[in-house]
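Q: With the input below, show me the fold.
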Amino acid sequence: MIRLEKLPGRIAVLYLDNPPLNILNLQMTGQLIDLTTQIENDDEIRVLIITGAGEKAFCAGADIKEFVAVRDHVVEKKLRRENEALLKIENLSKPVIAAINGVALGGGCEIALACDIRFMDEDLKMGLPEVKLGVFPGSGGLYRLPEIVGISHAMELMYTGEMISAQEAFRIGLINHITEPHHALSSAKELAEKIAKQPKHSLSFIKQGVRRSMELNRHDAIEYNLELSDKVFKTEDCDEGVKAFFEKRAPHFK
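A: Numbering: from 1, shown residues only. Purely as a prediction, here's the structure:
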């Protein structure tokens, strides 16, 4: 239901593959947890892209048919695991790009929110319709969405449960790039190729620094920045970058 494809240039694509709508079920959640651990420890992967298999959906949300079986203990049976999976995506030391190539609703939208950068085809829609089921986004949407688009936009989207177009998602900052139909993945790969050429430790520290600093006050964020700076200036890639600058050539990072 989830498959991983490695591409040249230290890029990997994770496919949500549960046709026809790539619905997120308990089995897929477990696979996400296992695969993100594998990806974290794989030095052959520098950048990860997450996308949907087929052309209908990135991920149309959670499997509502499972609600009956988990409703009595929904946190332990379902939501805690989903939050663990999405937090592992968010906390990967490697850049993660969402290529939204089909509808992204509910849990599917929440997966995209856990990524660092989002591409979306111009003819698609996304949203968090949980309120229409009498619940609310329970796997990160409640706090990730306002971090990305601001409180007012997030409240409106979750209050109404309405889907929004790619154009509106771009306007409020929910996605980074609008692409032509069927081009989200190819465009994401182009950016991934650029990013994958950058030094490993710099990419990791940028991600750690941005994510962690959002949880800290200004003083502690500065101290954390200095801690990471001390580490990155001691890497071989920093030596190579400085040497290449003075030699007026392109750096060859390890």
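Q: C-alpha from now on. contacts and neighbour counts both.
A: Noted.
Q: low-scoring pLDDT stretches of the stretch 1-150 of the chain, where are they?
A: Across the stretch 1-150 of the chain, nothing is flagged by pLDDT under 70.
Q: which residues of it fall in strands?
A: 2-7, 11-16, 47-52, 57-59, 96-100, 103-105, 117-121, 125-127 (DSSP state E, counting those that start in this stretch).
Q: Including distance to residue 225, could the ones you listed go into JSON lines?
A: Below are the strands of the stretch 1-150 of the chain laid out as JSON lines (distance: least, Cα to Cα, whole Å):
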{"stretch": "strand 2-7", "distance to residue 225": "32"}
{"stretch": "strand 11-16", "distance to residue 225": "27"}
{"stretch": "strand 47-52", "distance to residue 225": "23"}
{"stretch": "strand 57-59", "distance to residue 225": "35"}
{"stretch": "strand 96-100", "distance to residue 225": "21"}
{"stretch": "strand 103-105", "distance to residue 225": "34"}
{"stretch": "strand 117-121", "distance to residue 225": "22"}
{"stretch": "strand 125-127", "distance to residue 225": "34"}
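Q: Please report how far the nearest residue to residue 87 once chain neighbours are set aside lies from residue 248.
A: Leaving aside its sequence neighbours, residue 87 sits nearest to residue 114 (Cα to Cα, 6 or more residues apart in numbering; 7.1 Å). Counting by Cα to Cα, to the nearest Å, the gap from residue 114 to residue 248 is 38 Å.
Q: What of residue 30?
A: 48 Å.
Q: So those two - more neighbours on which side?
A: Legend: neighbour count by other Cα atoms under 10 Å for residue 30 and residue 248, higher for residue 30 (15 against 9).
Q: Wait, the more buried one touches residue 81, no?
A: Yes - if you go by Cα atoms under 8 Å, residue 30 and residue 81 touch, sitting 7.5 Å apart.
Q: And for residue 66, the neighbour number?
A: 12.
Q: Can you tell me, leaving aside adjacent residues, what's nearest to it?
A: residue 25 (7.5 Å).
Q: I'd guessed the one you found sits against residue 62; true?
A: Yes - at 6.0 Å, residue 25 and residue 62 qualify as touching, with contact defined as Cα under 8 Å.
Q: so residue 113 makes contact with residue 141?
A: Yes - Residue 113 is in contact with residue 141 according to Cα under 8 Å; the separation is 7.3 Å.
Q: Residue 83 and residue 144, how far apart?
A: 12 Å.
Q: try residue 167
A: Distance, residue 167 to residue 144, by Cα to Cα: 20 Å.
Q: So for the two, which sits in the more crowded spot?
A: Legend: neighbour count by other Cα under 10 Å for residue 167 and residue 144, higher for residue 167 (19 against 15).
Q: how does the protein divide up, domain by domain?
A: Domain assignment for the chain by automatic domain parsing gives 2-196, 200-246.
Q: distance between the shortest one and the chain's centre?
A: Pointing back at domain 200-246 there. Put simply, domain 200-246 sits 21 Å off its chain's centre (Cα atoms, centre = their mean, to the nearest Å).
Q: Pull up the distance across it, start to finish.
A: By Cα to Cα, the extent of domain 200-246 from end to end equals 21 Å.
Q: Which residue ranges of the stretch 1-150 of the chain form helices?
A: With DSSP state H, counting those that start in this stretch as the criterion, the stretch 1-150 of the chain has helices at 26-40, 67-70, 74, 80-90, 107-113, 141-149.
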